[in-house]
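Q: based on what follows, work out the 3D shape:
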Amino acid sequence: MYYRYQVNLAEHDGTLQLLAAIHATGRPVDAVALNAGVGVSGRFIETNLTAEVNMVRLNVMSVLQLD
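A: Coordinates of the predicted model:
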């Protein structure tokens with residue numbers, strides 16, 4: 001059996017929504033497939049700070065919170 005949820009992991013609330021959905025099943029999680037990822041190109045000093053923060057939130061923080 002599998003479940004499908006669509007949330008925005010670049011937002012803290014999206015990660016919390018996914019965690020709540022996982023806990024609501026009352027079942028242990030064997031695997032999670034995340035179809036998410038984003039990158040910001042260019043020199044760091046010239047890139048948009050919001051884009052950089054969203055990238056870190058999606059690629060790092062959401063994964064840590066799902067552990």
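Q: so where is the chain shaky, pLDDT-wise?
A: Where the chain drops to pLDDT under 70, the residues are 36, 67.
Q: what ranges does this protein have for its helices?
A: Counting by DSSP state H, the chain has helices at residues 12-25, 49-56, 62-65.
Q: and the residue nearest the centre of the protein?
A: Nearest to the mean C-alpha position of the chain, by CA atoms, centre = their mean, lies residue 9 at 3.0 Å.
Q: does that residue touch residue 19 like I think?
A: No: with contact defined as CB atoms under 8 Å, residue 9 and residue 19 do not form a contacting pair (10.7 Å). Bear in mind the C-beta positions are built from the backbone N, C-alpha and C, glycine included.
Q: excluding its backbone neighbours, what's nearest residue 25?
A: Leaving aside its chain neighbours, residue 25 sits nearest to residue 3 (6.3 Å; criterion: CB to CB, 6 or more residues apart in numbering).
Q: show residues contacting stretch 16-25.
A: Residues from elsewhere that reach stretch 16-25 (CB atoms under 8 Å, 6 or more residues apart in numbering): 3, 5, 7, 9, 29, 65, 66.
Q: could you report the neighbour count for the second one?
A: Here the count is done by other CB atoms under 10 Å, and residue 5 has 11 residues near it.
Q: ok, the spatially closest residue to it that is not a sequence neighbour to residue 44 distance?
A: For residue 5, ignoring the flanking residues on the chain, the nearest one in space by CB to CB, 6+ apart is residue 21 at 4.9 Å. Residue 21 sits 34 Å away from residue 44, going by CB to CB, to the nearest Å.
Q: just want to know which of the two has more residues nearby.
A: Applying other CB under 10 Å to residue 21 and residue 44 shows that residue 21 carries more neighbours, namely 13 against 8.
Q: how about residue 57: what's its closest non-neighbour residue?
A: Per CB to CB, 6+ apart, closest to residue 57 is residue 10, 5.4 Å.
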